[in-house]
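**Student:** requesting a structural model of the entry that follows:
(one chain, ligands or ions: 2)
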Amino acid sequence: MNALAPRQSGAQDPRIPRIGPGEPSHHAYWSRQMWVDARSAARAALDVVWTRLTAEWLRKTAARLFQGRWPVVDLPGENWFIRTVLRAVAPGTAVGAALGAGLTALLMSVALAVLALLCGVVWLLAMAAVLVLRGAERLWALVRGIRMKCPYPGCYRPFPLAVHRCPNCDVPHGALRPGRYGALWHVCVCGQRLVTTSFAGRGRLATRCPHCDQRLPEAVGSTRVVHVPLVGGTSSGKTMLMAAMVEGLQSWSRRSPLSVEYASAADRQDAGTLHQQLQQVGWAHKTQGGQPRAFMLVVRHGRRRRLLYLYDPMGESLRDAGSVREQHYLAHADGVILVADVLAEPHVRRGLRGADAERADAARPADQGPTDTYQRLTGELAALTGRRGRMPVATVVTKRDVLDQIASLPVPGARIDGWLSDIGLGALVRGLGHDFGAARYWAVSAHAATGAGALDSEQRRAAEPVLWVLARSGLRVGALAAETPGPGVPGPRDKAVPDPSGR
Ligand SMILES: [Zn+2]
Ligand SMILES: [Zn+2]
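**Tutor:** Ligands and ions are numbered 1, 2, ... in the order given. Sure, this is the predicted structure:
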């Protein structure tokens, strides 16, 4: 009798655990089936001894001897003498059979104990492998500062493990990590092997957010994310600036070791649409929708890389405290880019006369001045993050091309913070310097940096605020941001922070 063979061919063996409703993977052999098989083997072995003893030796052989019959078959020529002898050896045979069975059972138990011990060793080794692999992965994520967060509006939630899709049958695996389904790989219901660690290439599988089930970029599980919201009123030039920043990063990548790529096909498409719009119309349409989807770029410098999430929320979302609080991505922000349209500042506008006022009007000033935006943002940001004290803020004065033409305003020079103070925004500069861990200032013409005939130098300048925030996350691109003279000279509160990843 083969104790491990299927009981009935073609039917599900009741000893093989069915795949549960949770994870669509087969349990690892060592986690379940090994014990089921060991139990089956032990039961079958002891069953054999017991059946031999009771059914064959006691009920058949000994019972016949007690009746004075030959043990196996009746032989001819029996007489009373033979029957007496047979009856006389019957008790001894019964006792001998019992003793033999007892001894066999004892030897079998020792063998089974050794089997159990070996199974235990296998289980312990597998569990140790699981713990070591999980620990190594956790440590690696910690060292590299990887904290996965959803880039999609309405979600923006952090998660410890993304949902991975089987490349063969597209079934979602919510627990693809070393565990009871396997230490090194899981076996999908379809039979496909799926590796369980990012070291082995788990990141190459398609991933989704476990909360909202939307597709995540490939780099999300292996790259540190840097969240940078662009904050400013409607028509302050946020979207244009973001387009200029992306162009600028690409311009930097052509002339330095920096490399930039779109994190997903959707990002490539969005960038293409925006680029086309800027080429044809000359400006970006107003940001639509309630909450923004993060625009994602993978920025690499040397051996390090960052997954940059740029958020371009519509200006209205900063109208009041309630709507600011709904911008949950602000809670993860690694730095804020304050888009300042100084022409929207009421007292700056009041100081403009004649042609200057017309020029300012033609530049379609934002509905909200930078001081207003800052005030809305700052209180809520403290409540959302609780760590605003360490966060850098890059203030980018937009529409520089218009500002340069306005004669009644001083020309923005090397020190934009000083220039802001000169035009009456000193309180804003002091507030930013006081409330954030670091503050730097730039003045950019997104108009000159985008669309037909875009200036390469202006694009690179537009990318500097992003590079500065990335540098503070440990990517060694700080030298690039400081390379171009002029706007972008460190402000008084700009202090170096140690690289949190320690590399
Ligand atoms: Zn599958
Ligand atoms: Zn999500």
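**Student:** so what pLDDT did the one residue in the stretch 201-350 of the chain that gets nearest to ligand 1 get?
**Tutor:** Closest residue of the stretch 201-350 of the chain to ligand 1, Cβ to the ion: residue 205 (10.7 Å). C-beta: built from backbone N, CA, C; applies to glycine. Per-residue confidence (pLDDT) for residue 205: 92.
**Student:** same question for residue 173.
**Tutor:** Listed pLDDT for residue 173 reads 95.
**Student:** list the contacts of it.
**Tutor:** Counting by Cβ atoms under 8 Å, 6 or more residues apart in numbering, residue 173 makes contact with 23-25, 163-166, 186, 188, 194.
**Student:** surely residue 432 is in contact with residue 337?
**Tutor:** No - applying Cβ atoms under 8 Å as the test, residue 432 and residue 337 come out as separate, 11.9 Å apart.
**Student:** between those two, which contacts overlap?
**Tutor:** Among the neighbours of residue 432, those also in contact with residue 337 (Cβ under 8 Å, 6+ apart) are 393, 395.
**Student:** got phi/psi on whatever residue of the stretch 1-150 of the chain ends up closest to ligand 2?
**Tutor:** Here the stretch 1-150 of the chain gets closest to ligand 2 at one residue, residue 150, 3.0 Å apart by Cβ to the ion. Dihedral angles of residue 150 (phi, psi; degrees, to the nearest 10) stand at phi -80, psi 130.
**Student:** ditto for the one 4 residues further on
**Tutor:** For residue 154, the backbone dihedrals (degrees, to the nearest 10) come out as phi 80, psi -10.
**Student:** residue 392 now?
**Tutor:** When read as degrees, to the nearest 10, the backbone of residue 392 gives phi -80, psi 150.
**Student:** hang on, isn't it packed against residue 470?
**Tutor:** No - using Cβ under 8 Å as the test, residue 392 is too far from residue 470 to be in contact (10.4 Å).
**Student:** how close does the closest residue to residue 183 other than its chain neighbours sit to residue 222?
**Tutor:** Spatial nearest neighbour of residue 183, chain neighbours left out: residue 129 (4.3 Å); criterion: Cβ to Cβ, 6 or more residues apart in numbering. Going from residue 129 to residue 222 by Cβ to Cβ, to the nearest Å gives 21 Å.
**Student:** ok, these two, which is more surrounded?
**Tutor:** Between residue 129 and residue 222, counted using other Cβ atoms under 10 Å, the more crowded position is residue 222 (19 against 15).
**Student:** what about the nearest residue to that one once chain neighbours are set aside, which SS state?
**Tutor:** Closest residue in space to residue 222, ignoring its immediate chain neighbours: residue 203 at 4.8 Å, by Cβ to Cβ, 6+ apart. Using DSSP: H, G, I helix; E, B strand; the rest coil, the secondary structure recorded for residue 203 is helix.
**Student:** tell me who's in contact with residue 203.
**Tutor:** Counting by Cβ under 8 Å, 6+ apart, residue 203 makes contact with 218-219, 221-222.
**Student:** let's go with 7 Å and repeat that
**Tutor:** 218, 221-222 (Cβ atoms under 7 Å, 6 or more residues apart in numbering).
**Student:** please save the CA atoms from stretch 34-52 in CSV.
**Tutor:** Taking C-alpha atoms only, stretch 34-52 is exported to CSV below (Å, rounded to 0.1, in the frame of the first residue of the first chain):
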residue,chain,number,x,y,z
MET,A,34,4.9,18.2,4.4
TRP,A,35,3.1,17.8,7.8
VAL,A,36,0.0,16.3,6.1
ASP,A,37,2.2,13.8,4.3
ALA,A,38,4.2,12.9,7.4
ARG,A,39,1.0,12.3,9.3
SER,A,40,-0.3,10.2,6.5
ALA,A,41,2.9,8.2,6.5
ALA,A,42,2.9,7.6,10.3
ARG,A,43,-0.7,6.6,10.3
ALA,A,44,-0.2,4.2,7.4
ALA,A,45,2.9,2.6,9.0
LEU,A,46,1.2,2.0,12.4
ASP,A,47,-2.0,0.9,10.6
VAL,A,48,0.0,-1.8,8.8
VAL,A,49,1.4,-3.2,12.1
TRP,A,50,-2.0,-3.1,13.8
THR,A,51,-3.7,-4.8,10.8
ARG,A,52,-1.1,-7.5,10.7
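**Student:** tell me what the helix or strand harbouring residue 84 is packed against?
**Tutor:** Here residue 84, judged by DSSP states H and E, is contained in helix 80-143. In terms of contacts (3 or more Cβ pairs under 7 Å, 6 or more residues apart in numbering; DSSP states H and E), helix 80-143 is packed against helix 33-51, helix 63-66.
**Student:** most tightly surrounded among those?
**Tutor:** Among those, the stretch with the highest mean neighbour count (mean count of other Cβ atoms under 10 Å) is helix 63-66, at a mean of 17.
**Student:** packing partners for it?
**Tutor:** helix 80-143.
**Student:** residue ranges with poor pLDDT in the protein?
**Tutor:** For the chain, the stretches flagged by pLDDT under 70 are 1-21, 283-290, 385-389, 481-503.
**Student:** contact residues of it facing ligand 2?
**Tutor:** 150, 152, 155, 209, 211-212 (Cβ under 5 Å from the ion).
**Student:** how about residue 333: what's its closest non-neighbour residue?
**Tutor:** Looking at residue 333 with Cβ to Cβ, 6+ apart, the closest residue is residue 227, at 5.1 Å.
**Student:** domain-wise, how is this structure divided?
**Tutor:** 29-143, 223-483 (automatic domain parsing).
**Student:** just put those in a markdown table and tack on distance to residue 179.
**Tutor:** Formatted as a markdown table, these follow (distance: least, Cβ to Cβ, whole Å):
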| stretch | distance to residue 179 |
| --- | --- |
| domain 29-143 | 6 |
| domain 223-483 | 24 |
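**Student:** which among those domains is found nearest to residue 171?
**Tutor:** The minimum distance between residue 171 and these falls on domain 29-143, with 20.0 Å, by Cβ to Cβ.
**Student:** quick one: the closest one to chain centroid distance?
**Tutor:** How far domain 29-143 lies from its chain's middle: 52 Å, per Cα atoms, centre = their mean, to the nearest Å.
**Student:** now swap in stretch 377-397 and tell me
**Tutor:** Using Cα atoms, centre = their mean, the offset of stretch 377-397 from its chain centre is 24 Å.
**Student:** just the buried residues of stretch 323-343, please?
**Tutor:** Residues of stretch 323-343 classed as buried: 323-324, 327-343 (neighbour count, 16 or more other Cβ atoms under 10 Å).
**Student:** what's across from residue 300 in the sheet?
**Tutor:** Beta bridges link residue 300 to residue 259, residue 305, judged by DSSP bridges.
**Student:** make sure it is actually in contact with residue 256.
**Tutor:** No - the pair residue 300 and residue 256 does not pass the contact test of Cβ atoms under 7 Å, sitting 11.3 Å apart.
**Student:** circling back: what about the residue nearest to residue 222, distance to residue 362?
**Tutor:** In terms of Cβ to Cβ, residue 203 sits 49 Å off from residue 362.
**Student:** could you do residue 468 as well?
**Tutor:** 31 Å.
**Student:** between the two, who's got more neighbours?
**Tutor:** Taking other Cβ under 10 Å, residue 468 and residue 362 do not tie; residue 468 has more neighbours (24 against 9).
**Student:** okay if I get the contacts of residue 173 as a markdown table plus distance to residue 444 and neighbour count?
**Tutor:** Listed next are the contacts of residue 173 as a markdown table, based on distance: Cβ to Cβ, whole Å; neighbours: other Cβ atoms under 10 Å:
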| residue | distance to residue 444 | neighbour count |
| --- | --- | --- |
| 23 | 50 | 20 |
| 24 | 50 | 18 |
| 25 | 51 | 25 |
| 163 | 39 | 19 |
| 164 | 40 | 25 |
| 165 | 41 | 19 |
| 166 | 46 | 22 |
| 186 | 49 | 27 |
| 188 | 50 | 23 |
| 194 | 46 | 21 |
